[in-house]
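A.B. asks: Got a predicted model here, sequence first, then my questions.
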Amino acid sequence: MTFQETIIECALDKKFVQGFNRLTNSTLTVKSSHPIIQMIDECTGYDKVKEDENWTKFIDFVYDTVWTRVDLRSD
């Protein structure tokens, strides 16, 4: 399993994301890329910069708490 696959698996786990948000005081949400969802985000003032910061923090979190502790790479 690659690091990118690990991030995707962690992001798809709602409890993992909830734990990340609780431990890091973040507000990461895993959103659909559906056009209607994007339109709603724009209308409601979705903060893209804050979400990008949350994703950067999430990737670091996955690296520190999962990737460096479990060898998921195939030989």
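C.D. replies: Perfect, thanks for sending it.

A.B. asks: got the buried residues for stretch 22-33?
C.D. replies: 26, 28 (16 or more other Cβ atoms under 10 Å). Where you see a C-beta, it was placed from the backbone N, CA and C, and this is true even at glycine.

A.B. asks: Stretch 51-61 now?
C.D. replies: Here stretch 51-61 shows 51, 54, 57-59, 61 as buried, counting by 16+ other Cβ under 10 Å.

A.B. asks: Let me have these in CSV, adding secondary structure and distance to residue 8 as columns.
C.D. replies: CSV is the format used below for the buried residues of stretch 51-61 (DSSP: H, G, I helix; E, B strand; the rest coil; distance: Cβ to Cβ, whole Å):
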residue, secondary structure, distance to residue 8
51, helix, 17
54, helix, 16
57, helix, 17
58, helix, 11
59, helix, 11
61, helix, 14
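
A.B. asks: Of all these, the one with the weakest confidence?
C.D. replies: Across the buried residues of stretch 51-61, the smallest pLDDT goes to residue 51, namely 75.
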